[in-house]
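Asks: Any chance you can model this:
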Amino acid sequence: MVFSRLFFIYIFLPVCLLCYALARGTKHKNTVLIIFSLIFYAWGEPVYIFLMLATAVVNYVAALFIGKYQGKAGDTAATVTAVVYDLIMLGVFKYSGFIVENINAIFSCSIPIPNIRLPIGISFYTFQTISYIIDCHWEKVKPQKNFKNFMLFISLFPQLIAGPIVRYSSIEKEINERTLQLSDVSYGLNRVALGLAKKVLLADQLNIIAESFLGNIGGSSTVGAWYGAIAYGMQIYFDFSGYSDIAIGLGRVFGFHFDENFDHPFICKDITEFWQRWHISLGTFFRDYLLYIPILGKRRKYGGLFLVWLCTGIWHGANWNYIIWGLYYGLFILIELLIGKKKMKKIPVIIRHIYSKLIIIIGFAIFYFEDLGKLGLFFRTAFGFGKNGFIAVQDKISFVNNIFLIAVAIICCFPLIRTIKNVTDKRFTAKVTISSAAAVVSALLLVLTSIILVDATTSPFLYYQF
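Replies: Numbers count the residues shown, from 1 in each chain. As a prediction, this is how the structure comes out:
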């Protein structure tokens with residue numbers, strides 16, 4: 001099921017909210033959420049729901065063993081077993097075809113390539129279970145003894161499909177007991193409306209531009225290649241941050257406080273800061289669970305950094321462009337690390353902004369082109385070696401026709417809402433006025449989004465494929 005569909009907005013979600021409101025006590029409310037979460041997932045994955053259930057059972061039992069044999073051999077055995085199981089499941093369903101393809105190419109084999117459809121959300125709920133198991137092993141959290149409560153953590157539909165990667169420690173207390181105030185509901189619904197608007201009004205429209213120029217890179221000019229890459233970068237941002245907004249908003253409506261996943265990444269001044277603001281839940285996952293693991297018997301600063309960015313690329317997809325993309329960012333993180341924070345800050349801010357935006361735009365192009373031949377064509381075109389010249393008529397026409405969309409998208413990359421909130425929070429009257437205005441704007445955005453969705457074939461959120 002997709003958030004940006006009228007069925008979800010006007011049937012599934014209202015029915016879920018009604019049943020949730022009628023349920024008395026946290027236990028019954030949890031049951032309602034589990035039932036609707038399983039329906040939500042089974043709507044698009046009727047078979048793979050059993051894979052998710054199996055993952056939940058394996059990790060639930062493993063955590064109980066970890067708690068029972070804490071600090072002993074049984075603890076380590078259970079931890080290793082659960083993590084290996086999770087990684088094998090992820091590897092089989094996400095990477096088996098890629099691995100066989102490369103074996104065939106390297107060794108001139110003809111092994112049949114498995115055609116396994118990727119279960120939606122497997123990358124996200126797998127990382128959630130891994131973080132839970134490791135945190136239990138490290139004694140950061142206590143194993144959840146109630147399977148129903150653990151199942152809620154795994155299957156909670158607001159963030160099940162495309163994150164953010166929610167850690168058990170973040171919602172441990174709220175699973176067992178949570179309070180819900182009117183302000184939470186108001187905030188949550190406003191956030192949902194904002195996320196839908198980002199997806200339908202911005203991301204889906206920017207997709208048309210990106211596909212026109214990157215999808216036909218052979219016919220694009222130099223300006224067209226950069227224009228398409230910029231549009232694609234903003235598309236991914238509004239698509240994924242829009243999903244995160246909806247997830248965080250829905251979580252708040254049900255009484256859960258999920259951590260933020262984006263913090264206006266395009267205002268960054270360097271690549272390190274960009275990754276502190278972009279897909280925060282994934283970045284902190286790798287930082288906390290992978291960066292400091294021993295390599296060849298000891299912790300290695302640069303080796304750990306390489307491993308993090310290699311895995312970041314691999315996590316995003318079973319294709320070489322994602323691996324290149326991960327190592328590409330890792331290289332610039334390493335360069336900035338070697339330069340040092342103090343020296344980086346001495347570089348003029350305007351230079352840092354130009355540098356970071358160029359690197360980010362090129363990064364999005366690498367992310368887009370799974371065909372490495374077309375990626376090479378993009379680089380030749382973008383750097384003036386294409387066959388279509390510097391600028392084409394279609395570039396000018398597209399820019400003029402979409403200038404309002406582009407302007408709004410750029411403006412929305414800045415933390416305007418946060419700035420307004422910081423100013424108005426100091427004055428009660430202004431705070432009430434802005435709160436009322438936010439509700440009106442959210443309602444208008446929902447109406448406009450709904451009108452567009454009536455006749456539109458909305459594409460799924462991009463991160464569904466990861």
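
Asks: avg pLDDT for the longest helix anywhere in the chain?
Replies: The longest helix of the chain (DSSP state H) is helix 73-107. In this model, helix 73-107 has a mean pLDDT of 92.

Asks: tell me which strands and helices that helix is in contact with?
Replies: Helix 73-107 is packed against helix 49-68, helix 122-137, with contacts defined by 3 or more C-beta pairs under 8 Å, 6 or more residues apart in numbering; DSSP states H and E. Yep, even glycine has a C-beta here, placed from its N, CA and C like the rest.

Asks: Which secondary structure element of this protein has the lowest mean pLDDT?
Replies: helix 416-424 (a mean of 75; mean pLDDT, DSSP states H and E).

Asks: Which other helices and strands does that one contact?
Replies: With contacts taken as 3+ C-beta pairs under 8 Å, 6+ apart, helix 416-424 sits against helix 428-455.

Asks: Quick check: closest non-adjacent residue to Leu214.
Replies: Spatial nearest neighbour of Leu214, excluding adjacent residues (C-beta to C-beta, 6 or more residues apart in numbering): Gly228 at 4.1 Å.

Asks: That neighbour reaches Ser220, doesn't it?
Replies: Yes: Gly228 is in contact with Ser220 according to C-beta atoms under 8 Å; the separation is 6.5 Å.

Asks: where does the chain dip in pLDDT?
Replies: 296, 423-432, 456-460, 463-466 (pLDDT under 70).

Asks: domain assignment for it?
Replies: 6-161, 183-465 (automatic domain parsing).

Asks: Pull up the distance across the first one, start to finish.
Replies: Taking C-alpha to C-alpha, to the nearest Å, domain 6-161 runs 18 Å from one end to the other.

Asks: can I get the helices and strands packed on helix 73-107 in CSV with distance to Ala210 and mean neighbour count?
Replies: Supplementary listing: the helices and strands packed on helix 73-107 in CSV, determined by distance: least, C-beta to C-beta, whole Å; neighbours: other C-beta atoms under 10 Å:
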stretch, distance to Ala210, mean neighbour count
helix 49-68, 32, 19
helix 122-137, 23, 23
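
Asks: could I get the ones you listed as CSV with distance to Ser4?
Replies: Converted to CSV, the helices and strands packed on helix 73-107 look like this (distance: least, C-beta to C-beta, whole Å):
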stretch, distance to Ser4
helix 49-68, 22
helix 122-137, 18
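
Asks: and of the ones you listed, who's closest to Pro265?
Replies: Evaluated with C-beta to C-beta, the helices and strands packed on helix 73-107 place helix 122-137 nearest to Pro265, the distance being 19.3 Å.

Asks: isn't Tyr20 right next to Thr31, touching?
Replies: No: the criterion here is C-beta under 8 Å, and Tyr20 misses it with Thr31 at 10.0 Å.

Asks: quick one, which of those two is more surrounded?
Replies: Tyr20 (19 against 16; other C-beta atoms under 10 Å).

Asks: If we ignore the residues flanking it in sequence, what's nearest that one?
Replies: Val32 (5.0 Å).

Asks: likewise Leu6?
Replies: In space, and not counting its chain neighbours, Leu6 is closest to Leu453: 5.3 Å by C-beta to C-beta, 6+ apart.

Asks: For Arg287, give me its contacts.
Replies: Neighbour list for Arg287: Val308 [criterion: C-beta atoms under 8 Å, 6 or more residues apart in numbering].

Asks: From Thr272, how far off is it?
Replies: Distance, Arg287 to Thr272, by C-beta to C-beta, to the nearest Å: 12 Å.

Asks: Helices along the stretch 201-350 of the chain, start to end?
Replies: Taking DSSP state H, counting those that start in this stretch as the criterion, the stretch 201-350 of the chain contains helices spanning 204-213, 222-253, 271-277, 280-289, 301-316, 320-339, 341-346, 349-368.
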